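Visitor: Structure, please.
(one chain, ligands or ions: 3)
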Amino acid sequence: MFFHLALFCSSLVAFCQERRCDSVIDSSFTSFNQEIELLIAKKKKNQHRLRTEETVYVIPVVFHIIHNGEPMNQGLNLSMAQVYSQFEVLNQDFRRRNSDSLRTPKKFGGVAADTKIEFALARIDPLGVRMKEIGIHRYNGGRNIWNRTDFEALVKPPTIWNPTEYLNIWVTDLSGLLGYSKFPTGSGLQEGGGWEQSPNGAVTDGVVIDFQAFGSNKTIRQFNLRTKYSLGRTLTHEIGHFLGLIHISGDGGCEKDDFCEDTPLQDGNSYDCKGGLVSCGAENMVQNYMDYSDDTCMNLFTKEQALRMKTVLENSIRRKELLLSKVAIKPVNPNPANSILLFPNPAIKFVNIDYDNITIQSYLIYNQLGQILRQQQVSEKLYTIDFDGLSAGLYFMVFYMDKKIEIQKLLLLDQVN
Ligand code: ARG
Ligand code: ZN
Ligand code: CA
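Guide: Ligands and ions are numbered 1, 2, ... in the order given. Okay, here's the model as predicted:
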């Protein structure tokens, strides 16, 4: 059995190298690609080890909504509903839970994949503070329209959240461009076609989407979106690039490839929604998220594309770390009898508070001698409590709710600088 597997893998690598290393591809991309091929082969061989076919890869995301000072829900300051409609599409597409998966032509049905890659909204910000709008960060960029160069230089560096913990997604007006993405570092890919290198990777990594190609009008036609791009597929496509996929045509003629065996060779990208288009002797896979068709047409990633993305996720810098990130994990209540969850505990400087279906009217903080150090009326929902002025030590927090009182211990640690 072992012998059989080894033979399969080595022949696979040889096959890939023979077919895929053609001269039209620039040499550094070829070496990135060979590296990926080897890793894919290794992954196939080791599948039963660390991660199996059943493993779900979870990537925490933050949506930076870059507006121009508009009030919430107006202009570029997009509504929460629009952001969440996009988030839903993303998970549906990557997990093949999109309702239009039924429209994948029979002949491509066999290669269509649930990628087993999922996205989770960030719950805590880079300072550890619980986010009021889960997964959303709003920022006034001071302009109502952006070009790529200015956006890279003026918006990304001050707004990016640690790219090893968050997949950063910016949304703004991109002056006609639908979106663009950073390819995994080390690929040697030339800029263009929706992806670009990350020269100063850590301050610009991530994906940018135009606000009129962001979110979905599928259930309610409520958002201001361009007709052809109104189902949220631009982000699906750009995250494909972020995880190492290129356009299925390889952005060239029949001699160019996307390094995935189960997507057909295509004589260029397909536009609009032309089903039954034939090139290079086979039917174009216009339904692939990595083609150039309209959103209504797109409905699949293939198995090889999924494998490639997961291989990049497991190996690539500022990708593999995302799988270990804890920023999207919903904290579990260690004491289910409590209605209020305090985290982290021990805390430094502040504590986050999480509760549902109750109203906190006020709270008190006692020290161990039973002295009241703070007494606070609560009018809005509480997210965090600051411990300014309190020294390290053990405290008792007493919460007054409509019908009951809850007392919790909290350990405050010294700040280490
Ligand atoms: N032009 C962009 C790129 O190549 C995005 C294309 C997205 N297509 C779509 N139907 N949403 O990266
Ligand atoms: Zn693209
Ligand atoms: Ca292919």
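Visitor: What residues does the protein have near ligand 1?
Guide: Neighbours of ligand 1 within the chain, by Cβ under 6 Å from any ligand atom: 178-180, 193-194, 229, 233-234, 237-238, 292-295, 298. The way it works is simple: take the backbone N, C-alpha and C, and place the C-beta from them, glycine included.
Visitor: residue ranges for the strands of the stretch 251-400 of the chain, please.
Guide: Secondary structure of the stretch 251-400 of the chain (DSSP state E, counting those that start in this stretch): strands at 278-279, 282-283, 341-348, 350-354, 360-366, 372-377, 384-386, 393-401.
Visitor: Run the chain-centre distance for the second one.
Guide: A distance of 32 Å separates the centroid of the chain from that of strand 282-283, by Cα atoms, centre = their mean, to the nearest Å.
Visitor: returning to what we had before: show me the residues of the chain next to ligand 1 that map onto helices.
Guide: Among the residues of the chain next to ligand 1, the ones falling in helices (DSSP state H) are 233-234, 237-238.
Visitor: just these that are near ligand 3?
Guide: By Cβ under 5 Å from the ion, no member of these lies near ligand 3.
Visitor: which of these are buried?
Guide: By neighbour count, with 16 or more other Cβ atoms under 10 Å, these hold 233-234, 237-238 as buried.
Visitor: what pLDDT does Lys403 get?
Guide: Predicted confidence (pLDDT) for Lys403: 87.
Visitor: Where does it fall, secondary structure wise?
Guide: Assigned by DSSP states H and E, Lys403 falls within no helix or strand.
Visitor: The one 5 residues further on now?
Guide: Here Gln408 sits within strand 405-412, counting by DSSP H and E.
Visitor: just checking, what packs against that strand?
Guide: With contacts taken as 3 or more Cβ pairs under 8 Å, 6 or more residues apart in numbering; DSSP states H and E, strand 405-412 sits against strand 341-348, strand 393-401.
Visitor: Would you mind giving the buried ones among the ones in helices among the residues of the chain next to ligand 1 as TSV with pLDDT added?
Guide: Below are these laid out as TSV (pLDDT from 0 to 100):
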residue	pLDDT
Arg233	98
Thr234	98
His237	98
Glu238	97
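Visitor: Closest one of those to Gln86?
Guide: Thr234 (9.2 Å; Cβ to Cβ).
Visitor: I figured that closest one hits Tyr180, correct?
Guide: No. Shown here, Thr234 and Tyr180 do not form a contact pair, counting by Cβ atoms under 8 Å, at 9.9 Å.
Visitor: Tell me which residues of the strand holding Gln408 come out buried.
Guide: 406, 408, 410, 412.
Visitor: Next one: the third one, what pLDDT does it get?
Guide: This means Leu410. Model confidence at Leu410 (pLDDT) stands at 96.
Visitor: That one bridge partners, please.
Guide: With DSSP bridges as the criterion, Leu410 is bridged to Tyr395.
Visitor: residues touching it, list them.
Guide: Leu410 is in contact with 342, 345-347, 351, 394-397, counting by Cβ atoms under 8 Å, 6 or more residues apart in numbering.
Visitor: Can you add distance to Leu373 and give the ones in helices among the residues of the chain next to ligand 1 back as CSV?
Guide: What follows is those, written out as CSV (distance: Cβ to Cβ, whole Å):
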residue, distance to Leu373
Arg233, 54
Thr234, 52
His237, 54
Glu238, 50
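Visitor: what's the closest of those to Ile246?
Guide: Using Cβ to Cβ, these come closest to Ile246 at His237, 11.1 Å.
Visitor: Distance check, the residue nearest to Tyr355 when sequence neighbours are not counted against Gln377.
Guide: Distances taken as Cβ to Cβ, 6 or more residues apart in numbering place Ile340 nearest to Tyr355, at 4.7 Å, with adjacent residues excluded. Remark: distance between Ile340 and Gln377 (Cβ to Cβ, to the nearest Å) = 16 Å.
Visitor: When these two are compared, which one has more neighbours?
Guide: The neighbour count for Ile340 versus Gln377, taken as other Cβ atoms under 10 Å, is higher for Ile340 (19 against 9).
Visitor: List phi and psi for that one.
Guide: Dihedral pair for Ile340: phi -110, psi 130, per degrees, to the nearest 10.
Visitor: before we move on, the earlier item: can you go through the contacts of Leu410 and name the buried ones?
Guide: By 16+ other Cβ under 10 Å, the contacts of Leu410 give 342, 345, 347, 351, 395-397 as buried.
Visitor: give me phi/psi at Glu70?
Guide: Torsion angles, degrees, to the nearest 10, at Glu70: phi -60, psi 150.
Visitor: Contacts only, for it.
Guide: Glu70 touches 76-77, counting by Cβ under 8 Å, 6+ apart.
Visitor: How confident is the prediction for it, by pLDDT?
Guide: So Glu70 comes in at 98 (pLDDT).
Visitor: go on, Asp354?
Guide: With respect to pLDDT, Asp354 has a value of 94.
Visitor: With adjacent residues omitted, what lies nearest to it?
Guide: Closest to Asp354 by Cβ to Cβ, 6+ apart is Leu341, at 4.4 Å.
Visitor: Dump the buried ones among the contacts of Leu410 to a markdown table, plus pLDDT and distance to Met131.
Guide: What follows is the buried ones among the contacts of Leu410, written out as a markdown table (pLDDT from 0 to 100; distance: Cβ to Cβ, whole Å):
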| residue | pLDDT | distance to Met131 |
| --- | --- | --- |
| Leu342 | 96 | 16 |
| Asn345 | 94 | 19 |
| Ala347 | 95 | 17 |
| Val351 | 96 | 15 |
| Tyr395 | 97 | 25 |
| Phe396 | 98 | 27 |
| Met397 | 97 | 22 |
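Visitor: That'll do, ta.
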